[in-house]
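Participant: Show me the folded form of this:
(2 chains)
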Number of protein chains: 2
Amino acid sequence: MNTIIAFYQTKFGELWEKSLTSLIKEAVFGVLKEANLEIDQIDAIFFGNMMAGVLENNLHTASKIAEIIGRNIPIFRVEAACASGGVAFHLATRYLNDNCRKTVLVLGAEKMTDYSPEEVTSALAAASSGEEQEAGLTFPGLYALMANFYLQKYHYTEENLAYVSYKNHYHGSLNEKAHFQNKLTIEKILQSPYVAYPLKVLDSSPISDGAAALIVTNDKNLVKKSKASVLVLASEVVTDTINLFQRKSLDEILSTKIAAELAFKKAGIERKQINVAEVHDCFSIAEILAMEDLGFWKKGEGGRKIKELSTLLNQSSLTVNPSGGLKAAGHPVGATGIKQIGEIFLQLTKKAEKRQVKNAKYGLAHNVGGSGGTAVVTILAV
Amino acid sequence: MNTIIAFYQTKFGELWEKSLTSLIKEAVFGVLKEANLEIDQIDAIFFGNMMAGVLENNLHTASKIAEIIGRNIPIFRVEAACASGGVAFHLATRYLNDNCRKTVLVLGAEKMTDYSPEEVTSALAAASSGEEQEAGLTFPGLYALMANFYLQKYHYTEENLAYVSYKNHYHGSLNEKAHFQNKLTIEKILQSPYVAYPLKVLDSSPISDGAAALIVTNDKNLVKKSKASVLVLASEVVTDTINLFQRKSLDEILSTKIAAELAFKKAGIERKQINVAEVHDCFSIAEILAMEDLGFWKKGEGGRKIKELSTLLNQSSLTVNPSGGLKAAGHPVGATGIKQIGEIFLQLTKKAEKRQVKNAKYGLAHNVGGSGGTAVVTILAV
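Facilitator: All right, here's what the predicted structure looks like:
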């Protein structure tokens, strides 16, 4: 069984003094220290990064990592837009399944704030289709189309959306690694400027720098010696059409639905057993759709459910986005999927401090690429 | 045992009338037809592509492929500079080892000729380090440093290098899918203009468009039904420093040496058993270094060996680059690693027509990323 034995996260935020290389270094050597391992105990590295090529003309980062660690092992860079981290983790588990007594380092990192918001928004649009880019559709625009459709279909208002950011900023205020640690009021969220109607600045995750890393092993001896460990029950990746207009429905992410079905079947547990989840809230509407598509809420009831704040820390048997989610913890895109899994690791091993979910035994991480063209669902247990 | 049961290659060349999407479509449906399979018999797709993000602001191509095939299966995009195709194949074999009775499609594609040579050269430099880019070092420049060092150390001249292009263009003249199908004389190669001393235009692989695809399976029933099949004995990936100045030696590619050692050990065969090899000849010097680092020739004797033309079609027990190599067959970077393996498939299954290597039982493909930061060695057998 694949087991996570360590997690390290840099601070997420506007880290102008740090380069992509320095973020990678901090995360790699940070997680090795956390696991009490030397670099020569690592058999392979999987690296999730989306934007270094487009923003910095910097591809072939696998080779850069080889230089940083000073070793000649297999290193793989994986790109799946904002799901790059989740897909890197997935491929790492498949690699481990093929190799007995091996240990891999899974890394995600992104450096985004050295560029203007316009440049980064344009670069992020690389995760959409050529047709959508030519039509001028940015990611706020694509999620705004989904939000408009959902709000009209189920008779909700922008206030319903605002509760996502309200909850996640509260959680972020308890996480010292989060990009934003300020609480928000519903009024302040509703009064923030629109980025693409009906989505506002405070419905949107920020542009962030950051890195995160995990150590995953199937070596029983290493697991025995580790300070903490979490089992990987399932990791599933599903892709879907890149163009929104090709989808059967605007108010569901089919890739998430299918990946969740596969993951729960593989893990052999029920939705109601999950105590803590990190779900992909790149925009407020995304968390609501994700909660429905993952099967935690029925289709169309998400707008009501989010307003009940039942997924706020320890308000019910399921806490969602205790890290602060993408909204408050930040969204350095290639690192996000790794941080989500890392947050579940912290929660299940009782290391989440002020934001600790009580009695957490099962956790889920949900990472999305683009407007839903890729979804990764990971289920973990202690 | 993983088995290749089909290969399809588009024409390589300046395909101005074709987009990346149309090349992907042609290769995907071409290889399915070749294998006599339907798309719903494919369990996952691995896609090697280097440049679409940098050149076209087009990432998340996994999702684009999901749209093309109209199915919701795992699709993975892998980037490792010019070794993207080889690494995609490697990860596909690891994925198969973890899954019984599965079948994967491995794809590589690149669209490069819609941009000026200056734009593409700059984009290709994304496979080098930031330091090297800032110093103005392009890939011709990096390989020129290696070539100068090698020629001086072992007392060879530019004429020795020219025999690589001479041989590979002769092979290309026998391959109707090749970018260039014209034979060259040594005089013509030596008279072509320098791109970076001592490397000339005719020491260099071209900027090409193209796609290639393989079907790989571990389903014994599918193998039985297939028209042709080739066993994957080994596939190994090794990374090394990205910066040339960090290497111990300028006249060897350490990643190739280690990957070859691992691959021959895994395959359980000797160098002398290999009858046909496709090696990474992005520049003439690269084929000479590769032949030494792979262990076919001793260190330093490559300049003399290439001039003997023993690796020309059916001149000895080992033919090298019968497809024409990158030099003549073309180098659509993400597709190259797949085409190399596909050429070995054609040779081992006696489908290589005018360029057929006689009695080929074992073959090797060698794919390099950047100036040697990544190397992939694949060994196949019938």
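Participant: Only C-alpha atoms from now on, for both contacts and neighbour counts.
Facilitator: OK.
Participant: contacting residues for the residue lying closest to residue A:262 once chain neighbours are set aside?
Facilitator: With Cα to Cα, 6 or more residues apart in numbering or on different chains as the criterion, residue A:262 has its nearest non-adjacent residue at 6.7 Å, and that residue is residue A:236. The neighbourhood of residue A:236, defined by Cα atoms under 8 Å, 6 or more residues apart in numbering or on different chains, consists of A:90, A:259, A:260, A:262, A:263, A:376, A:377, A:378.
Participant: Also residue A:162?
Facilitator: A:186, A:189, A:190, A:202, A:203, A:284.
Participant: Compile those into JSON lines and extend it with columns for secondary structure, neighbour count and pLDDT.
Facilitator: Formatted as JSON lines, the contacts of residue A:162 follow (DSSP: H, G, I helix; E, B strand; the rest coil; neighbours: other Cα atoms under 10 Å in any protein chain shown; pLDDT from 0 to 100):
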{"residue": "A:186", "secondary structure": "helix", "neighbour count": "17", "pLDDT": "98"}
{"residue": "A:189", "secondary structure": "helix", "neighbour count": "20", "pLDDT": "98"}
{"residue": "A:190", "secondary structure": "helix", "neighbour count": "19", "pLDDT": "98"}
{"residue": "A:202", "secondary structure": "helix", "neighbour count": "26", "pLDDT": "98"}
{"residue": "A:203", "secondary structure": "helix", "neighbour count": "29", "pLDDT": "98"}
{"residue": "A:284", "secondary structure": "helix", "neighbour count": "29", "pLDDT": "98"}
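Participant: ok, which of those also contact chain B?
Facilitator: Applying Cα under 8 Å from any Cα of the partner chain to those, one finds that nothing falls near chain B.
Participant: Run a quick neighbour tally on residue A:41.
Facilitator: By the criterion of other Cα atoms under 10 Å in any protein chain shown, residue A:41 has 12 neighbours.
Participant: Just give me the longest strand of chain A.
Facilitator: Taking residue count as the measure and DSSP state E as the definition, the longest strand of chain A comes out as strand A:230-239.
Participant: Residue A:311: which element?
Facilitator: Under the criterion DSSP states H and E, no helix or strand holds residue A:311.
Participant: check contacts around the residue lying closest to residue A:117 once chain neighbours are set aside.
Facilitator: Nearest in space to residue A:117, with sequence neighbours left out and distances taken as Cα to Cα, 6+ apart, is residue A:207 at 7.7 Å. The contact partners of residue A:207, by Cα under 8 Å, 6+ apart, come to A:13, A:112, A:113, A:117, A:120, A:330, A:331, A:332.
Participant: doesn't residue A:176 make contact with the first one?
Facilitator: No: in this structure, residue A:13 sits apart from residue A:176 without contact. The criterion is Cα atoms under 8 Å, and the distance is 11.0 Å.
Participant: check contacts around residue A:42.
Facilitator: With contacts defined as Cα under 8 Å, 6+ apart, residue A:42 is in contact with A:102, A:103, A:104, A:105.
Participant: er, residue A:106 I mean
Facilitator: Listed by Cα under 8 Å, 6+ apart, the contact set of residue A:106 reads A:45, A:46, A:47, A:88, A:89, A:92, A:213, A:214, A:215, A:216, A:338.
Participant: Give me the subset of these lying in strands.
Facilitator: When DSSP E defines the strands, the subset of the contacts of residue A:106 inside them is A:45, A:46, A:47, A:213, A:214, A:215, A:216.
Participant: returning to that earlier point: so where does the residue nearest to residue A:117 fall, helix or strand?
Facilitator: Using DSSP H and E, residue A:207 falls outside every helix and strand.
Participant: List phi and psi for it.
Facilitator: Its backbone dihedrals place residue A:207 at phi -90, psi 120, with angles given as degrees, to the nearest 10.
Participant: Per-residue pLDDT of it, please?
Facilitator: Model confidence at residue A:207, given as pLDDT, is 97.
Participant: Can you tell me how far it is from chain B?
Facilitator: Per Cα to the nearest Cα, to the nearest Å, residue A:207 is found 18 Å from chain B.
Participant: Let me know the distance separating that residue from residue A:138.
Facilitator: When Cα to Cα, to the nearest Å is the yardstick, residue A:207 and residue A:138 sit 14 Å from each other.
Participant: Same check on residue A:290?
Facilitator: Distance from residue A:290 to residue A:138, counting by Cα to Cα: 20 Å.
Participant: Check the secondary structure at the closest residue to chain B within the stretch 151-300 of chain A for me.
Facilitator: Using Cα to the nearest Cα, the closest approach of the stretch 151-300 of chain A to chain B is made by residue A:241 at 4.2 Å. With DSSP: H, G, I helix; E, B strand; the rest coil as the basis, the three-state label of residue A:241 is coil.
Participant: if we can go back for a sec, who's the residue nearest to residue A:262 bridged to?
Facilitator: Assessed by DSSP bridges, residue A:236 has beta-bridge partners residue A:377.
Participant: For residue A:377, list the residues it contacts.
Facilitator: Applying Cα under 8 Å, 6+ apart to residue A:377 gives the contacts A:86, A:234-237, A:256, A:259-260, A:263, A:364-367.
Participant: repeat that for 10 Å
Facilitator: A:86-87, A:90, A:234-238, A:255-264, A:279, A:294, A:337, A:341, A:364-368 (Cα atoms under 10 Å, 6 or more residues apart in numbering or on different chains).
Participant: The contacts of residue A:42 in strands, which ones?
Facilitator: For the contacts of residue A:42, secondary structure assignment (DSSP E) places A:103, A:104, A:105 in strands.
Participant: Any chance of a ChimeraX selection covering the buried ones in the contacts of residue A:377?
Facilitator: Of those, the buried ones go into a single ChimeraX selection, burial set by 16 or more other Cα atoms under 10 Å in any protein chain shown:
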select /A:86,87,90,234,235,236,237,238,255,256,257,258,259,260,262,263,264,279,294,337,341,364,365,366,367,368
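Participant: Under a three-state scheme, what state does residue A:366 occupy?
Facilitator: Under the three-state scheme (three-state DSSP), residue A:366 adopts strand.
Participant: Now do it, the pLDDT please.
Facilitator: The model reports residue A:366 with a pLDDT of 98.
Participant: Can you verify my assumption that residue A:121 contacts residue A:139?
Facilitator: Yes: using Cα atoms under 10 Å, residue A:121 is in contact with residue A:139, at 7.7 Å.
Participant: Flag every residue of the stretch 251-382 of chain A that's near chain B.
Facilitator: Proximity of the stretch 251-382 of chain A to chain B, by Cα under 10 Å from any Cα of the partner chain, involves residues A:254, A:255, A:258, A:259, A:369, A:370, A:371, A:372, A:373, A:374, A:375, A:376.
Participant: Please produce a markdown table containing these, extended by secondary structure.
Facilitator: Below are those laid out as a markdown table (three-state DSSP):
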| residue | secondary structure |
| --- | --- |
| A:254 | helix |
| A:255 | helix |
| A:258 | helix |
| A:259 | helix |
| A:369 | strand |
| A:370 | coil |
| A:371 | coil |
| A:372 | coil |
| A:373 | coil |
| A:374 | strand |
| A:375 | strand |
| A:376 | strand |
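Participant: Most neighbours among these, which one is it?
Facilitator: Across those, the neighbour count under other Cα under 10 Å reaches its highest value at residue A:374, namely 36 neighbours.
Participant: ok, now which ones touch that residue?
Facilitator: Going by Cα under 10 Å, 6+ apart, residue A:374 touches A:80-84, A:86-87, A:237-242, A:253-256, A:259, A:367-368, B:60, B:62-63, B:66, B:72-76.
Participant: same deal with residue A:155?
Facilitator: Counting by Cα under 10 Å, 6+ apart, the residues that residue A:155 touches are A:149, A:300, A:303.
Participant: Going through these, which ones are buried?
Facilitator: Neighbour-count burial within those applies to A:300, A:303; the criterion is 16+ other Cα under 10 Å.
Participant: With pLDDT added, can I get the contacts of residue A:155 in TSV?
Facilitator: Below are those laid out as TSV (pLDDT from 0 to 100):
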residue	pLDDT
A:149	98
A:300	97
A:303	98
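Participant: thinking again about what came up before, so which of the ones in strands among the contacts of residue A:106 is the most crowded?
Facilitator: residue A:213 (32 neighbours).
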